[in-house]
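1. Mind folding the following:
(chains A and B)
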Amino acid sequence: MIEQAVADARERLVWRARREGLATLGYDVLDSPLGPLWVAVGPAGVAALHYGDEPTASDLARLVRAHGPGLVPDPRRASGLARELEEYFAGKRRAFAVAADLSGLTPFQRRILGATARVPYGELTTYATVARRAGNERASRAAGGALGANPIAIVVPCHRVVASDGSLGGYAGGLPAKRRLLALERAGEVPQGGWQPSRMRG
Amino acid sequence: MSTGALTFGELIERHEREIFVYALRLVGSRDGADDLYQETFLAAFRAWPPPRRGAERAWLYKIATNKAIDRARRDRRLVPLAELRLAAPERDGVTLADLAASIRTLPPGQRAAFVLHKVEGRPYREVAAALGCSEEAARSRVAEAMKKVKEATR
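-> Presented below is the predicted three-dimensional model:
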């Protein structure tokens, strides 16, 4: 009885805080085939999508720097993204309509993630290629770092970026998650290590 | 959402339940508690940041208490008997109806002090923090409230 009363009160509170402009981002924890996903959505699109049920401390600090402290639990605000993710995981969506809000990131991170966002569904590219497109060919290691800290997983498809030697490289959500996303997008064809870089459309 | 930057959501998730229960005990109805809960958190968001890291809970109690006192002064609302039994445990052979009836006669500051100390079991230090007064003053408010409650339930 108390739980329901508190849940109702919270829903009204969040609505009022948003109407007053106090709530800048709405977050929620979504279920997915890859486990829980913590998402935050604001007026400029999705500001964060992390594996697990909470963001990293450093990314939370970035969100607060960029959006202020007004992050509130708001499943309604995240519902559009939730629907798109559901369609994506069902194989029925190849591109996200919701925008990626990269505020609070360094110019380098924005360039790397911007270049990554242009890699089409089901295709692969390398860290070196992403670095080149971001304007610094020799920064592939730094590109790997920026992608490893990608705060908007899946929507900014860093899972489509692999190592030049044909191996999968790394992934914040773990390599099984990366494999699963690539299997979903590529009808099961996933590089294991013997994958030929020449087949890339970098 | 536990380390580093503090957000509104973290404040809500950590403290909303106890603030709601406290509001329910102070105002005695679900609708009133809902309003008080919202006024409390909205006031906290507007006044952001909290005065001291780690003292957010005491800060929320203080805001809730002030809001409840304002409300009580504004509309002189009485605690409905039927609702208070959700909150107040039976003590010292005093029936809940007796207790509720006597609490509603207390002035708002004493009522808050009584609920915080006698119903919620908070130490005087926290009562003082919530009421924005000295521990000494908190003790005397609770004592004064106790006297009135005892007289009323005798």
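2. who in chain B is up against chain A?
-> B:1-9, B:12-13, B:16-17, B:20-21, B:24, B:30, B:33-34, B:37-38, B:41-42, B:45-46, B:48-49 (Cβ under 8 Å from any Cβ of the partner chain). Just so you know, the C-beta spots here come from the backbone N, C-alpha and C atoms, and that holds for glycine as well.
3. Just the buried ones among those residues, please.
-> B:1, B:5-9, B:12, B:16-17, B:20-21, B:24, B:30, B:33-34, B:37-38, B:41-42, B:45 (16 or more other Cβ atoms under 10 Å in any protein chain shown).
4. Helices - which of those residues land there?
-> Cross-referencing those against helices under DSSP state H gives B:8-9, B:12, B:16-17, B:20-21, B:24, B:30, B:33-34, B:37-38, B:41-42, B:45.
5. Chain neighbours aside, what residue packs nearest to residue A:34?
-> residue A:177 (4.9 Å; Cβ to Cβ, 6 or more residues apart in numbering or on different chains).
6. Among the ones in helices among the buried ones among the residues of chain B next to chain A, which one sits closest to residue A:94?
-> residue B:9 (32.0 Å; Cβ to Cβ).
7. where's the closest one relative to residue A:190, distance?
-> 37 Å (Cβ to Cβ, to the nearest Å).
8. now do residue B:57
-> Distance, residue B:57 to residue A:190, by Cβ to Cβ: 49 Å.
9. Show me where chain B has its helices.
-> Using DSSP H, helices in chain B cover B:8-27, B:30-46, B:56-75, B:81-84, B:96-103, B:108-114, B:124-131, B:135-153.
10. count of neighbours near residue 67?
-> Let's take chain A. 22 (other Cβ atoms under 10 Å in any protein chain shown).
11. sorry, should have said chain B
-> If we define neighbours as other Cβ under 10 Å, then residue B:67 has 21 of them.
12. for residue A:80, same thing?
-> Neighbours around residue A:80, by other Cβ under 10 Å: 14.
13. Let me see the ranges of the strands in chain A.
-> In chain A, the strands defined using DSSP state E lie at A:25-30, A:37-42, A:45-51, A:71-73, A:125-126, A:161-162.
14. Out of these, flag the one nearest chain B.
-> With Cβ to the nearest Cβ as the criterion, chain B lies closest to strand A:71-73 of those, at 4.1 Å.
15. Select the helix or strand of chain B having the lowest average pLDDT value.
-> In chain B, the helix or strand scored least confidently by mean pLDDT, DSSP states H and E is helix B:81-84, which has a mean of 42.
16. What of chain A?
-> helix A:140-148 (a mean of 86).
17. What is that helix packed up against?
-> helix A:107-117, helix A:127-133 (3 or more Cβ pairs under 8 Å, 6 or more residues apart in numbering or on different chains; DSSP states H and E).
18. how about these in TSV, adding mean pLDDT, mean neighbour count and distance to chain B?
-> Below are the helices and strands packed on helix A:140-148 laid out as TSV (pLDDT from 0 to 100; neighbours: other Cβ atoms under 10 Å in any protein chain shown; distance: least, Cβ to the nearest Cβ, whole Å):
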stretch	mean pLDDT	mean neighbour count	distance to chain B
helix A:107-117	94	20	18
helix A:127-133	92	22	29
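19. For these, give me JSON lines that also has distance to residue A:14.
-> Listed next are the helices and strands packed on helix A:140-148 as JSON lines, based on distance: least, Cβ to Cβ, whole Å:
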{"stretch": "helix A:107-117", "distance to residue A:14": "29"}
{"stretch": "helix A:127-133", "distance to residue A:14": "37"}
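20. So for residue B:147, which of those sits nearest?
-> So among those, helix A:107-117 is nearest, using Cβ to Cβ, at 64.8 Å.
21. Restricting to C-alpha, output the closest one in PDB.
-> In PDB, the C-alpha atoms belonging to helix A:107-117 read as follows (Å, rounded to 0.1, in the frame of the first residue of the first chain):
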ATOM      1  CA  PRO A 107      35.800  17.400 -29.000                       C
ATOM      2  CA  PHE A 108      37.900  14.300 -29.800                       C
ATOM      3  CA  GLN A 109      35.300  11.900 -28.300                       C
ATOM      4  CA  ARG A 110      32.500  13.700 -30.200                       C
ATOM      5  CA  ARG A 111      34.400  13.300 -33.500                       C
ATOM      6  CA  ILE A 112      35.100   9.600 -32.800                       C
ATOM      7  CA  LEU A 113      31.600   8.900 -31.800                       C
ATOM      8  CA  GLY A 114      30.200  11.000 -34.700                       C
ATOM      9  CA  ALA A 115      32.300   8.900 -37.100                       C
ATOM     10  CA  THR A 116      31.100   5.700 -35.500                       C
ATOM     11  CA  ALA A 117      27.500   6.800 -35.700                       C
END
